[in-house]
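Enquirer: heads up, no residue letters with this:
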C-alpha cells in the first residue's frame with residue numbers, strides 16, 4: 001500500500017434530493033487527499049440526477065433501480081481507490097473521517113476493514129444503546145473503510161439482499177478471516193428521517209439468512225473435501 005493511498009468514496013443515491021447537497025458538501029470537506037467520489041444514482045425520479053449533474057467533481061453513474069447493494073457494487077466497479085469508504089446519501093461526515101481511517105489502515109497492514117462510531121441526527125426514541133461504547137444503535141456498519149482487495153475477495157455486496165446487505169458483508173469478512181477493527185473516533189453523523197431502511201426492517205432478521213448461507217458454504221466445502 002502506498003503512503004497516501006487513493007480512497008474511493010462509494011455513494012448509492014436513491015430519491016436523495018432532500019439531503020444530498022449537505023451530504024456532498026461533507027464529503028468534499030474531507031481534509032484527506034487523495035480521494036475520489038463515485039456516486040451511483042439508483043434510478044432516482046426526484047431531483048437527485050439534477051443535483052449530481054451540478055457537481056462535475058463527482059464521478060456519477062446511473063442505473064435502473066436495483067437496490068443499495070447493486071448500486072454500491074456498480075460504484076465500486078467504476079472506482080480506482082486502494083481503499084473504499086461507504087457513504088449513505090442522507091448522512092454526513094466529519095472532515096476527519098477519511099484521514100483517521102486511512103491512516104490506521106496504512107499503519108496496520110494486517111487489518112482489512114475499520115469501523116468507527118456515530119452520532120445521530122434526530123434519532124428515534126426506540127433506538128437502544130451499545131453495551132460497549134454506549135452509542136445509540138451501536139457501531140454502524142456503513143462507517144466501514146475497507147481494502148479493495150478484501151472487498152474483491154468477497155465478491156462485493158450480495159445483491160439478493162434488499163436490507164442489511166452491509167451486515168452480510170461484515171459477516172462474510174469475518175468468515176474469510178479478514179481482520180476488522182473499531183476505532184474510537186466519531187466518523188459519521190447519521191440522519192433518521194423515517195424513510196431510512198433502518199426504520200423499515202423486515203420481520204425476519206437478514207442476519208439469520210447470512211448465518212444460514214454461511215452454514216451452507218461450510219457444508220458444501222466439507223462435502224467437497226471428502
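Expert: Received the coordinates, thanks. Bear in mind that the values here come from a model prediction, so they are computed numbers and not experimental data.

Enquirer: C-alpha from now on. contacts and neighbour counts both.
Expert: Will do.

Enquirer: which residues does the nearest residue to residue 138 once chain neighbours are set aside contact?
Expert: Leaving aside its chain neighbours, residue 138 sits nearest to residue 130 (4.3 Å; criterion: C-alpha to C-alpha, 6 or more residues apart in numbering). Contact partners of residue 130, counting by C-alpha atoms under 8 Å, 6 or more residues apart in numbering, are 136, 137, 138, 139.

Enquirer: quick one, phi psi at the third one?
Expert: The one in question is residue 138. Torsion angles at residue 138 (phi, psi; degrees, to the nearest 10) stand at phi 70, psi -150.

Enquirer: State the distance from it to residue 91.
Expert: 16 Å (C-alpha to C-alpha, to the nearest Å).

Enquirer: What of the last one?
Expert: Using C-alpha to C-alpha, one obtains 15 Å as the distance from residue 139 to residue 91.

Enquirer: same check, this time on the first one
Expert: According to C-alpha to C-alpha, residue 136 stands 15 Å off from residue 91.

Enquirer: which one of the contacts of residue 130 is nearest residue 120?
Expert: The closest of the contacts of residue 130 to residue 120 turns out to be residue 136 (C-alpha to C-alpha; 7.5 Å).

Enquirer: what sits against the residue nearest to that closest one when sequence neighbours are not counted?
Expert: Closest residue to residue 136 apart from its sequence neighbours, by C-alpha to C-alpha, 6+ apart: residue 129 at 4.3 Å. Residue 129 sits next to 135, 136, 137, 138 when contact means C-alpha under 8 Å, 6+ apart.

Enquirer: SS state for the residue nearest the centre of the chain?
Expert: Per C-alpha atoms, centre = their mean, the C-alpha nearest to the average position across the chain is that of residue 86, at 3.1 Å. Here residue 86 is recorded as strand under DSSP: H, G, I helix; E, B strand; the rest coil.
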